[in-house]
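Novice: Got a sequence here, can you build the structure:
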Amino acid sequence: MKRFDAAKGRLADVVDGPTRARLAQWMATGVVRSCHPLDVFVACDSDDVADWAAEHGAAVIWGPGLGLNGAIDDGVAAIADAGYDQVIISHADLPHPTMLPTVARAGTVTLVPDRRRDGTNVLSFPLTDAIVAAYGPGSFNRHFEAAQALGIAVEVRTDHDLSLDVDTPGDLAHPRIKEALPIWLRTNPVNPT
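Specialist: Numbering: from 1, shown residues only. Purely as a prediction, here's the structure:
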């Protein structure tokens, strides 16, 4: 996870900095809570995010200067070393993070693309068949191709909740996202009350 005060930069034209930080923390809290009763790990290089993660019962995997993909790969390796069999990787900007624990299926790679089928909002795989993180534009196709190359079961899950993420001002106006947003954000010009 990025520092909260550095998150959601593409919303800068419509949401001020402190509100973007608050929104990022609000969404991340929902993601962590939705993972109960699973063990949760947060890969970060921010003291504020690490403190927040600890307050929410998540273990911190410290990865300074690794970037998104490096931090995820480092986190996956640490989770595998801790003896876990399966991992779920989720973005922290999901406004409807329902049913997140159900994404993991033994012996299966599960991908939940974003609503545009461009990004990968949620990715799960057995740690014996790890997929190298390839996030950024077009990540869904890269992750799908990597999953197919493993020769194990691959599931692409179309999920109306988990496919929603908040990246751009237009996302704030999406009807399903808009209904989930906290009341304190509804004064946003893109998302009128």
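Novice: any idea which helix or strand carries Glu61?
Specialist: Not quite, residue 61 is Ile, not Glu. Take DSSP states H and E as the rule and Ile61 turns out to sit in strand 59-62.
Novice: Mind listing what's buried along the very next helix or strand once past that strand?
Specialist: For strand 59-62, the succeeding helix or strand toward the C-terminus, using DSSP H and E, is helix 67-81. Applying a neighbour-count criterion of 16 or more other C-beta atoms under 10 Å, the buried positions in helix 67-81 are 68, 71-76, 78-79. Using the backbone N, CA and C atoms, a C-beta is placed for each residue, glycine as well.
Novice: Low-confidence ranges, the chain, go.
Specialist: 186-193 (pLDDT under 70).
Novice: can you map out the strands along it?
Specialist: Applying DSSP state E to the chain gives strands spanning 41-44, 59-62, 86-90, 108-113, 120-126, 153-156.
Novice: still on that earlier bit, export the strand holding Ile61 to CSV, keeping only CA atoms.
Specialist: Once non-C-alpha atoms are left out, strand 59-62 reads as follows in CSV (Å, rounded to 0.1, in the frame of the first residue of the first chain):
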residue,chain,number,x,y,z
ALA,A,59,0.9,-8.0,9.9
VAL,A,60,3.2,-5.6,8.2
ILE,A,61,5.7,-6.7,5.5
TRP,A,62,8.1,-3.8,5.2
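Novice: rewinding a little: in TSV, list the strands of the chain along with distance to Phe144 and mean neighbour count.
Specialist: Compiled in TSV, these are given as follows (distance: least, C-beta to C-beta, whole Å; neighbours: other C-beta atoms under 10 Å):
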stretch	distance to Phe144	mean neighbour count
strand 41-44	22	22
strand 59-62	25	18
strand 86-90	14	20
strand 108-113	6	22
strand 120-126	8	25
strand 153-156	7	14
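Novice: Report the central residue of the chain.
Specialist: If you average the C-alpha coordinates of the chain and look for the closest C-alpha using C-alpha atoms, centre = their mean, you land on His91, 0.7 Å from that point.
Novice: okay but it is in contact with Asp165, surely?
Specialist: Yes. Under the contact definition of C-beta atoms under 8 Å, His91 touches Asp165, with a separation of 5.8 Å.
Novice: Quick check: neighbours shared by the two?
Specialist: Common contacts of His91 and Asp165, defined by C-beta atoms under 8 Å, 6 or more residues apart in numbering, comprise 119, 121.
Novice: quick one on the thing from earlier: out of the strands of the chain, which comes closest to Ile177?
Specialist: Each of the strands of the chain has some distance to Ile177 by C-beta to C-beta; the shortest is strand 120-126, at 12.6 Å.
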